[in-house]
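Colleague: Below is the structure, and that's it, no one-letter string:
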C-alpha cells in the first residue's frame with residue numbers, strides 16, 4: 001500500500017477522530033518504527049509499525065469501492081486456476097479486493113469490488129433485498145404467459161423456487177426481444193436457467209444496476225472508484241423502485 005497520513009491511520013484503527021489522533025501525535029505518544037512521530041509524518045499501513053503509548057495498533061486497511069464493467073469471457077472470481085483472465089487483473093491497484101456477487105463468464109456488466117466485508121454481506125444477503133437489474137436478450141419473443149410465469153417464479157433444476165421478479169419487454173430484436181429483469185436474489189445462472197425452462201433461450205445478459213448504483217458511463221473492461229454518496233446509498237436500506245417500471249432510467253448500453 002502507499003503512504004498515508006498518520007492521523008488517518010490512527011483514526012482507521014478506531015482510536016478516535018482525526019483531530020483527537022493529531023493530539024496524540026502532538027503529545028508525543030505515537031511512534032513509527034520506534035521513532036516518535038510528529039504532525040505531517042506518513043506511514044505505510046502494511047510495512048510500518050505504528051504504536052501508541054508503546055502498544056502497537058492494529059491497522060485497518062483503507063476501504064476501497066470499485067465499479068467495473070466486466071466484459072464477456074472474463075471471470076468474476078479473484079483467484080482461479082482457470083487460464084482465462086479475471087476481473088481483478090483488469091484493475092491495476094496493489095490492494096487486496098474481492099468481487100461482491102458474480103457474473104458468469106458469458107455475462108457482462110456491473111461488478112462491484114471491495115475490501116469491505118460489511119457491505120459485501122449487506123449486498124449479498126437476501127434479507128436486505130437489494131435489487132439487481134439486467135438487460136436480457138432472449139432468442140424468442142415472449143408471450144404473456146411466459147412473462148407471468150417468470151414474474152411469479154419458477155422451479156429450477158435443483159428444486160429451488162425462484163422469488164418473484166420484475167420482468168418486462170424493453171424492445172423487440174429480430175425474432176427475439178430485450179427484456180428488463182429485476183431480481184432480489186442471485187442464484188448461479190438463474191436467469192439463463194429460467195429462460196431455458198420457459199422456452200426463452202438467453203443470448204446475452206448485461207447487469208446494469210446493483211441497488212442504487214448504475215453501470216452508466218463505463219465501457220467493457222473499464223472501472224472507477226465509487227463516490228462517497230454512492231457508498232452511502234449502498235449501505236442504506238434499498239430504495240424501492242416505482243411500480244411503473246416504464247419509468248426506470250434507460251441504460252446507455254449499445255446493443
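Modeller: The structure has been received and is ready for your questions. Small disclaimer: the values here were computed from a predicted structure and weren't measured.

Colleague: hey, let's count contacts and neighbours off CA atoms from now on
Modeller: OK.

Colleague: Going along the chain, name the strands of the stretch 151-255 of the chain.
Modeller: Secondary structure of the stretch 151-255 of the chain (DSSP state E, counting those that start in this stretch): strands at 166-173, 176-183, 202-210, 213-214, 223-225.

Colleague: What separation do you get for residue 129 and residue 82?
Modeller: To residue 82, residue 129 is 32 Å away according to CA to CA, to the nearest Å.

Colleague: So between those two, which is more surrounded?
Modeller: Using other CA atoms under 10 Å as the criterion, residue 129 and residue 82 rank with residue 129 on top: 18 against 9.

Colleague: Now that one: closest residue in space, sequence neighbours ignored.
Modeller: Spatial nearest neighbour of residue 129, chain neighbours left out: residue 184 (5.4 Å); criterion: CA to CA, 6 or more residues apart in numbering.

Colleague: Surely the one you found is in contact with residue 132?
Modeller: Yes. Counting by CA atoms under 8 Å, residue 184 touches residue 132, with 6.3 Å between them.

Colleague: which secondary element of this structure has the worst mean pLDDT?
Modeller: Every helix and strand of the chain was ranked by mean pLDDT, DSSP states H and E. The lowest is helix 117-124, at a mean of 79.

Colleague: For that one, which outside residues touch it?
Modeller: Helix 117-124 is contacted by residues 100, 101, 114, 128, 130, 185, 186, 234, 235 when judged by CA atoms under 8 Å, 6 or more residues apart in numbering.

Colleague: Secondary structure class of residue 48, three-state.
Modeller: coil (DSSP: H, G, I helix; E, B strand; the rest coil).

Colleague: Can you name the residues that contact it?
Modeller: If you count contacts by CA under 8 Å, 6+ apart, residue 48 has them with 32, 33.

Colleague: ok, the one residue sitting closest to the centre of the chain - contacts?
Modeller: For the chain, the residue nearest the mean C-alpha position is residue 112 (2.2 Å; CA atoms, centre = their mean). By CA under 8 Å, 6+ apart, the contact set of residue 112 is 65, 66, 67, 68, 99, 100, 101.

Colleague: Give me the spatial nearest neighbour of it, chain neighbours excluded.
Modeller: Using CA to CA, 6+ apart and skipping residues adjacent in sequence, the residue nearest residue 112 is residue 67, 4.8 Å away.

Colleague: how deep is the one you found tucked in, by neighbour count?
Modeller: Neighbour count for residue 67, taken as other CA under 10 Å: 21.
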